[in-house]
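[1] okay, here's the prediction I keep looking at, along with the sequence it came from:
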Number of protein chains: 2
Amino acid sequence: MSPYDPSAFPPFAVTVDLVVLTVRRHALCALAVRRGEPPFQGRWALPGGFVRADEDLAAAAARELIEETGLLAHDPTGPAPVNGAHLEQLATYGDPDRDPRMRVVSVAHLALAPDLPAPRAGGDAHSARWAPVESLLGRDGAGRDGASRDEEEGAPLAFDHATILADGVERARSKIEYSSLATAFCSREFTVGELRRVYEAVWGVALDPRNFHRKVTGTPGFLVPTGGTTTRQGGRPAQLFRAGGATVLNPPMLRPEP
Amino acid sequence: MSPYDPSAFPPFAVTVDLVVLTVRRHALCALAVRRGEPPFQGRWALPGGFVRADEDLAAAAARELIEETGLLAHDPTGPAPVNGAHLEQLATYGDPDRDPRMRVVSVAHLALAPDLPAPRAGGDAHSARWAPVESLLGRDGAGRDGASRDEEEGAPLAFDHATILADGVERARSKIEYSSLATAFCSREFTVGELRRVYEAVWGVALDPRNFHRKVTGTPGFLVPTGGTTTRQGGRPAQLFRAGGATVLNPPMLRPEP
DNA sequence: TCAAAAGTGTTAGGTCTACACCCATGA
DNA sequence: TCATGGGTGTAGACCTAACACTTTTGA
């Protein structure tokens, strides 16, 4: 068999899909767009699109992220942009039946963003919204009883996007344990308490504020004090920090048992 | 723009490439095949091949693994096969220039296998061999001086396979830290000392045999004693174990500093 | 003055490291 | 008998969880 004979391999369409996570009102939320055409017309889906002919996968994901949110993906080799977001490859999904029309392989990416004003619909999407991941995954106990709700908020995500979202959430949950990634959910300057509330929202647990404070301030290179303080959370003024250069957290932050 | 208009997106070829790791003679080794045709003819590369038209990505990877090694990939939902190997998706590589002839997106997979008799060349590969990863990555200080050695053992891997291999090795090195994955490098029954030598080879460090023994035997569900013993390593007879059901290691095995 | 959030101290209990020591076999 | 690897004990350093307590603001 001649592996590179053009007639010897089937053609694929390649897309990037994005799991864009943020923390809003104490809950982990993901960006969802409403599909404007079949299949799954009217259903919610993850943002995404085709990879262009001469475009790298990471570039395609960064382009989609800008189109959907206006966020610049953070390139670790360059200067940090004002509205930076963390962007990494998540996994690739290529079940032959995942798209009913043709063979599509989707390279999913995970983006972590600070709380943003309001999503703007981009491309061919009718509308976009931030929704709690538990609700998008149908785990929030919200009524799914009664008649079909295919085109309403409670309907399952299109394609295999529920699987992709679940994988992205699990990646984020485990990765903030041993890396400084949680700071990607915060704005450029933040307090220790705000960072703790990120952990609490992502993990869905309560953490001891005193031990958390000691832990993060005691890890060299994790947090850099800016000198400023804020009282935006009420109470005693809190020091402001920026994310330090350290990217791995050793020893890790421990996720409490249920 | 109509996203699914067949003329609106570029066609891609999709392949799976395999990083197959094993531990041989106290060194972490990877499976390499010699390319039989251009480009990179005569150079070593990772095994891989095209995904078929109606084939899942995982199925394609498992098929390639069998073709190259005869190993069955372990399906966690089914009964453990006799010669099982761990197989998981690693990452996807899609730089537009990674293959000089056409646009190829490669979904790389990572396989961990026990020490095997001898690789059999499969498909279009001229030959196959196990080689220490440090040598395949050109980090072993072996003479690369003098004349070009394009078609010899010391030449760099074809395409971007050095990057893929490095990513796979790094994944394996970090994953045995907090999971029971190291047992995938052992045969079905193994001793604590054999498991320790796996860690030592993968990490390239020396571990304290006493503390290691306490650690692994003290983690519930990690190791299951079979009742048998062996003296194949010399010295006092050692208990034989099988891998237990536990897949996460908590607390993790700590990788010593250099 | 009070509530709320920030930040510090302290103590008991666990885990890891390093090393001393004994055990069971083959040569 | 000796070398080799298997396995257990123990003391100190380190880490963590839990919780009492002080500090500094806005209302």
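    Done, it's in.
[2] and chain A, what are its domain boundaries?
    If you go by automatic domain parsing, the domain ranges for chain A are A:13-143+A:154-175, A:179-243.
[3] which one, of those domains, ends up nearest to DNA strand D?
    domain A:179-243 (2.9 Å; Cβ to the nearest atom of the strand). From N, CA and C alone the C-beta is placed, and that goes for glycine too.
[4] comparing the domains of chain A by mean pLDDT, which bottoms out?
    Sorting the domains of chain A by mean pLDDT places domain A:13-143+A:154-175 lowest, at a mean of 87.
[5] end-to-end on that one?
    30 Å (Cα to Cα, to the nearest Å).
[6] that one vs DNA strand C: in contact?
    No - Domain A:13-143+A:154-175 does not reach DNA strand C (Cβ under 7 Å from any atom of the strand); its nearest approach is 11.5 Å.
[7] quickly check: that domain near chain B or not.
    Yes - residues of domain A:13-143+A:154-175 are located near chain B by Cβ under 8 Å from any Cβ of the partner chain, namely A:13-14, A:49-57, A:89, A:91-96, A:101-103, A:105, A:107, A:123-124.
[8] buried members of the residues you listed into ChimeraX, please.
    Buried members of the residues of domain A:13-143+A:154-175 next to chain B, identified by 16 or more other Cβ atoms under 10 Å in any protein chain shown, are gathered into one ChimeraX selection as follows:
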select /A:13,14,49,50,51,55,56,57,89,91,92,93,94,95,96,103,105,107
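[9] the residues of domain A:13-143+A:154-175 next to chain B in helices, which ones?
    Applying DSSP state H to the residues of domain A:13-143+A:154-175 next to chain B, the entries found in helices are A:L57.
[10] quick check: buried residues in the strand or helix carrying A:T163?
    Element membership for A:T163 (DSSP states H and E) is helix A:161-178. Neighbour counts using 16+ other Cβ under 10 Å place A:161, A:163-169, A:171-173, A:175-178 of helix A:161-178 among the buried residues.
[11] hang on, the earlier thing: pick the most buried one from the domains of chain A.
    domain A:13-143+A:154-175 (a mean of 19; mean count of other Cβ atoms under 10 Å in any protein chain shown).
[12] give me the neighbour count for A:T247.
    Applying other Cβ atoms under 10 Å in any protein chain shown, we find 13 other residues in the vicinity of A:T247.
[13] wait, it touches A:Y178, no?
    No - A:T247 lies out of contact with A:Y178 (Cβ atoms under 8 Å); the separation is 10.0 Å.
[14] hmm, whichever strand or helix holds A:E200 touching DNA strand D?
    Using DSSP H and E, A:E200 sits in helix A:192-203. No - judged by Cβ under 7 Å from any atom of the strand, helix A:192-203 stays clear of DNA strand D, getting no closer than 12.1 Å.
[15] what's in contact with stretch A:47-55?
    By Cβ atoms under 8 Å, 6 or more residues apart in numbering or on different chains, the residues outside stretch A:47-55 that reach it are A:13-18, A:20, A:31-33, A:57, A:60, A:63-64, A:67-68, A:106-107, A:122-123, A:125, A:128, B:3, B:8-10, B:12, B:94, B:96, B:103.
[16] three-state assignment of A:A62?
    Secondary structure for A:A62, judged by DSSP: H, G, I helix; E, B strand; the rest coil, is helix.
[17] is chain B contacted by the helix holding A:E200?
    No - against chain B, helix A:192-203 shows no contacts by Cβ under 8 Å from any Cβ, the least distance being 15.4 Å.
[18] in PDB, list the C-alpha atoms belonging to stretch A:45-60.
    What follows is stretch A:45-60, C-alpha atoms only, in PDB (Å, rounded to 0.1, in the frame of the first residue of the first chain):
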ATOM      1  CA  ALA A  45     -23.100  24.300  21.000                       C
ATOM      2  CA  LEU A  46     -19.500  25.100  21.700                       C
ATOM      3  CA  PRO A  47     -18.000  27.800  19.600                       C
ATOM      4  CA  GLY A  48     -15.700  26.600  16.800                       C
ATOM      5  CA  GLY A  49     -15.000  26.500  13.100                       C
ATOM      6  CA  PHE A  50     -13.000  25.100  10.300                       C
ATOM      7  CA  VAL A  51      -9.200  25.200  10.300                       C
ATOM      8  CA  ARG A  52      -8.000  27.100   7.200                       C
ATOM      9  CA  ALA A  53      -5.800  25.600   4.600                       C
ATOM     10  CA  ASP A  54      -2.600  27.200   5.800                       C
ATOM     11  CA  GLU A  55      -3.400  27.800   9.400                       C
ATOM     12  CA  ASP A  56      -1.900  26.000  12.400                       C
ATOM     13  CA  LEU A  57      -4.300  24.400  14.900                       C
ATOM     14  CA  ALA A  58      -3.300  26.800  17.700                       C
ATOM     15  CA  ALA A  59      -3.800  29.800  15.400                       C
ATOM     16  CA  ALA A  60      -7.200  28.600  14.400                       C
END
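[19] any idea how far that stretch is from the chain center?
    Distance, stretch centre to chain centre, for stretch A:45-60: 16 Å (Cα atoms, centre = their mean, to the nearest Å).
[20] check stretch A:36-45 too.
    21 Å.
[21] and that stretch, end to end?
    End-to-end distance of stretch A:36-45 (Cα to Cα): 10 Å.
[22] thinking again about what came up before, what's the helix holding A:E200 packed up against?
    Other helices and strands packing on helix A:192-203, by 3 or more Cβ pairs under 8 Å, 6 or more residues apart in numbering or on different chains; DSSP states H and E, are strand A:13-24, strand A:27-34, helix A:161-178, helix A:209-218, strand A:238-243.
[23] any idea how far chain B is from the residue nearest to A:T22 when sequence neighbours are not counted?
    Spatial nearest neighbour of A:T22, excluding adjacent residues (Cβ to Cβ, 6 or more residues apart in numbering or on different chains): A:A113 at 4.8 Å. Distance check for A:A113 against chain B: by Cβ to the nearest Cβ, to the nearest Å, it reads 22 Å.
[24] can you give me the distance of A:A113 to A:T69?
    A:A113 sits 7 Å away from A:T69, going by Cβ to Cβ, to the nearest Å.
[25] joint contacts of these two?
    In the contact map built from Cβ under 8 Å, 6+ apart, the residues linked to both A:A113 and A:T69 are A:V20, A:A85.
[26] thinking again about what came up before, let's have the domains of chain A in a markdown table, adding distance to B:H26.
    Formatted as a markdown table, the domains of chain A follow (distance: least, Cβ to Cβ, whole Å):
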| stretch | distance to B:H26 |
| --- | --- |
| domain A:13-143+A:154-175 | 31 |
| domain A:179-243 | 31 |
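[27] which one of the ones you listed lies closest to B:Q41?
    Proximity to B:Q41 (Cβ to Cβ) singles out domain A:13-143+A:154-175 among these, at 26.0 Å.
[28] I'd like the distance from that closest one to the chain centre, please.
    Domain A:13-143+A:154-175 sits 7 Å away from the centroid of its parent chain (Cα atoms, centre = their mean).
[29] how about residues contacting the helix holding A:T163?
    By Cβ under 8 Å, 6+ apart, the residues outside helix A:161-178 that reach it are A:17, A:19, A:21, A:28, A:30, A:45-46, A:90-91, A:93, A:106, A:108, A:110, A:112, A:133, A:136-138, A:156-157, A:181-182, A:198-199, A:202-203, A:248-250, A:252-255.
[30] measure the residue of the stretch 101-250 of chain A found nearest chain B to A:A246 for me?
    Residue nearest to chain B within the stretch 101-250 of chain A: A:V107 (5.0 Å; Cβ to the nearest Cβ). Per Cβ to Cβ, A:V107 is found 29 Å from A:A246.
[31] what's the answer for A:Y199, then?
    Distance, A:Y199 to A:A246, using Cβ to Cβ: 16 Å.
[32] go on, A:P114?
    Using Cβ to Cβ, A:P114 is found at 19 Å from A:A246.
[33] pLDDT wise, what is the residue nearest to A:W203 when sequence neighbours are not counted at?
    The shortest distance from A:W203 to any residue other than its chain neighbours is 5.7 Å, reached at A:R255 (Cβ to Cβ, 6+ apart). Note on A:R255: pLDDT of 90.
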